[in-house]
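Enquirer: coordinates for the following, if possible.
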Amino acid sequence: MLAEYLPTLLFLIVAGGIGVALLVVGKVLGPQRPTLEKLSPYECGFEAFEDARMQFDVRYYLIAIQFIIFDLEIIFIVPWATVFRELGVVGLIEMGTFAGMLLLGFVYIWKKGALEWE
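Expert: From the prediction side, this is the model:
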């Protein structure tokens, strides 16, 4: 029984070894020229040590949510398209309802002005 797991264990050992070897080679052979700018923390395009109560524009979050929604749309539509003929009219109606709800979300952020940047 354990012999069946030998290829998986061997694969994990080889993959782990390659990962560690690449990290070591990069550290040893890579350029070592740190500057103050390279060592400073960077996040979201804002200075790291400003007021913690800084306000963000809500459009940033609306675009992020829209991106996640479109990712989910692709995850559900591609498998649906592969079995479209087997699902028939019921599958078409269900996917139409799903796409319609996503369209409503897109229209919502469009009307809120989140797609317009100054």
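Enquirer: which element is Ile68 on?
Expert: Using DSSP states H and E, Ile68 maps to helix 58-82.
Enquirer: does anything pack onto the following helix or strand past that helix? Which helices or strands?
Expert: As assigned by DSSP H and E, the chain's next helix or strand after helix 58-82 is helix 84-111. With contacts taken as 3 or more CB pairs under 8 Å, 6 or more residues apart in numbering; DSSP states H and E, helix 84-111 sits against helix 58-82. Quick note: C-beta positions are derived from backbone N, CA and C, even for glycine.
Enquirer: which of the residues in the helix it packs on are buried?
Expert: Arg59, Leu62, Gln66, Glu73, Trp80 (16 or more other CB atoms under 10 Å).
Enquirer: swap in stretch 91-105?
Expert: Neighbour count says stretch 91-105 has Met95, Leu102 buried, by 16+ other CB under 10 Å.
Enquirer: contacts for it?
Expert: Residues from elsewhere that reach stretch 91-105 (CB atoms under 8 Å, 6 or more residues apart in numbering): Gln66, Ile69, Phe70, Glu73, Phe76, Ile77, Trp80, Val83, Phe84, Leu87.
Enquirer: check contacts around the second one.
Expert: Neighbour list for Ile69: Leu102, Gly105, Phe106 [criterion: CB under 8 Å, 6+ apart].
Enquirer: can the residues you listed go into CSV with extra columns for distance to Leu9?
Expert: Shown next, in CSV, are the contacts of Ile69 (distance: CB to CB, whole Å):
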residue, distance to Leu9
Leu102, 43
Gly105, 46
Phe106, 47
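Enquirer: tabulate those (JSON lines), appending distance to Gly19 and pLDDT.
Expert: Output for these, formatted as JSON lines (distance: CB to CB, whole Å; pLDDT from 0 to 100):
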{"residue": "Leu102", "distance to Gly19": "38", "pLDDT": "85"}
{"residue": "Gly105", "distance to Gly19": "39", "pLDDT": "82"}
{"residue": "Phe106", "distance to Gly19": "40", "pLDDT": "84"}
